[in-house]
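1. with the sequence up front, the predicted model follows.
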Amino acid sequence: MQKPNERLKGQTAIVTGGSSGIGAAVSLALGKDGANVIINYNSHKEEAEQISEEINKDSICGKAIAVKADVSVEKDVIAMFKTGIEEFGTIDICIANAGLQQDAALHEMTLKQWQTVIDVNLTGQFLAVREAIKEFMKRGMRPEVSKSLGKIIHMSSVHQIIPWAGHANYAASKGGIVMLMESICQEYAPFKIRCNSIAPGAIRTPINREAWETEMALEKLNKLIPYKRIGIPEDIGSVAAWLSSDESEYINGTTIFVDGGMTCYPGFTTNG
């Protein structure tokens, strides 16, 4: 872990899907900056506990606990927030990160495949941020730790704007996140709640292993990335920590793309 800086000292964050990949990197980054972290997992208990232990073993970092919850199930999300509030007193930051893919050509996609992805990737984010907003409004301002009443970060994707054949359920879920995030900003910014999204491009995580684990696959992938390298989870973690801090206090209702330029459509570099 990098040297901590305490930008988030005294605050508590929930990171859904925090046990692996981007979620794990975000959890570690927030802990490094002094936040207490509730690391949500659904099926990877051991990994979540390992991340928790890594944060807890550093005396300068915040404290962390691992909490099981299926983010697509309302009672699980409510219980997760209850546990976090009982443990740390309140929630200041909600990182709605949990997501999955179930890919298929649209004419072959089952209703279950469609519904599972929408339930986790979109409804799961709604449930998490709804509970966060309830806690922010109930608790009130804490000017000793932050200029904002609360901070929400949705984990989106470049596919909120780039169509993705064969992944219509995933792309639709990420497109929905944009309007959810912007609507929350419009409604709750007057209360000093900040709501933004991070949209990763190609990141080296287990969910997209086929796209980077061989030299040939990586070469093909890099053709889509002007910066000519695949991202790593820490690229997202550092942005999430900064976006959770008062250093970004006037940023609200926007998406930060962390993609090495993928959304600049490199296929058009030679006139298309």
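-> Yep, that arrived. Numbering: from 1, shown residues only.
2. so which helix or strand takes in residue 153?
-> In the assignment (DSSP states H and E), residue 153 maps to strand 150-155.
3. which parts of the helix or strand just after that strand count as buried, going by neighbours?
-> Counting by DSSP H and E, the next helix or strand C-terminal to strand 150-155 is helix 168-188. Neighbour-count burial for helix 168-188, counted by 16 or more other C-beta atoms under 10 Å, picks out 168-178, 180-182, 184-185, 188. Using the backbone N, CA and C atoms, a C-beta is placed for each residue, glycine as well.
4. so which elements touch helix 168-188?
-> helix 111-118, helix 124-139, strand 150-155, strand 193-200 (3 or more C-beta pairs under 8 Å, 6 or more residues apart in numbering; DSSP states H and E).
5. show me what the third one is packed up against.
-> The one in question is strand 150-155. Counting contacts by 3+ C-beta pairs under 8 Å, 6+ apart, strand 150-155 is packed against strand 93-96, helix 124-139, helix 168-188, strand 193-200, helix 233-244.
6. cool, and the second one?
-> For helix 124-139, the elements it packs on are helix 74-88, strand 93-96, strand 150-155, helix 168-188, strand 193-200, judged by 3+ C-beta pairs under 8 Å, 6+ apart.
7. hmm, 6 Å instead?
-> Applying 3 or more C-beta pairs under 6 Å, 6 or more residues apart in numbering; DSSP states H and E, one finds that helix 124-139 makes contact with helix 74-88, strand 93-96, strand 150-155.
8. would a markdown table of those with mean neighbour count be doable?
-> Converted to a markdown table, the helices and strands packed on helix 124-139 look like this (neighbours: other C-beta atoms under 10 Å):
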| stretch | mean neighbour count |
| --- | --- |
| helix 74-88 | 17 |
| strand 93-96 | 30 |
| strand 150-155 | 26 |
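9. who wins for proximity to residue 40 among those?
-> Closest approach to residue 40 among those is made by helix 74-88 (6.1 Å; C-beta to C-beta).
10. quick check: angle from that closest one to helix 124-139?
-> 40 degrees (axes from the mean of the first three to the mean of the last three C-alpha atoms, to 10 degrees).
11. quick one: helix 74-88 to chain centroid distance?
-> 18 Å (C-alpha atoms, centre = their mean, to the nearest Å).
12. next: stretch 185-196.
-> Mean-position distance between stretch 185-196 and its chain equals 18 Å (C-alpha atoms, centre = their mean).
13. ok, now stretch 94-114?
-> 17 Å.
14. who's in contact with that stretch?
-> Residues outside stretch 94-114 that contact it (C-beta atoms under 6 Å, 6 or more residues apart in numbering) are 14-17, 23, 26, 71, 116-117, 120-121, 124-125, 128-129, 132, 152-155, 166-170.
15. equivalent analysis for stretch 44-53, please.
-> Residues outside stretch 44-53 that contact it (C-beta under 6 Å, 6+ apart) are 19, 20, 24, 27, 39, 41, 64, 66.
16. pipe the residues you listed into JSON lines and attach distance to residue 137 and neighbour count per row.
-> Putting the contacts of stretch 44-53 into JSON lines (distance: C-beta to C-beta, whole Å; neighbours: other C-beta atoms under 10 Å) gives the following:
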{"residue": "19", "distance to residue 137": "29", "neighbour count": "26"}
{"residue": "20", "distance to residue 137": "32", "neighbour count": "19"}
{"residue": "24", "distance to residue 137": "30", "neighbour count": "26"}
{"residue": "27", "distance to residue 137": "25", "neighbour count": "33"}
{"residue": "39", "distance to residue 137": "25", "neighbour count": "30"}
{"residue": "41", "distance to residue 137": "27", "neighbour count": "26"}
{"residue": "64", "distance to residue 137": "25", "neighbour count": "28"}
{"residue": "66", "distance to residue 137": "27", "neighbour count": "22"}
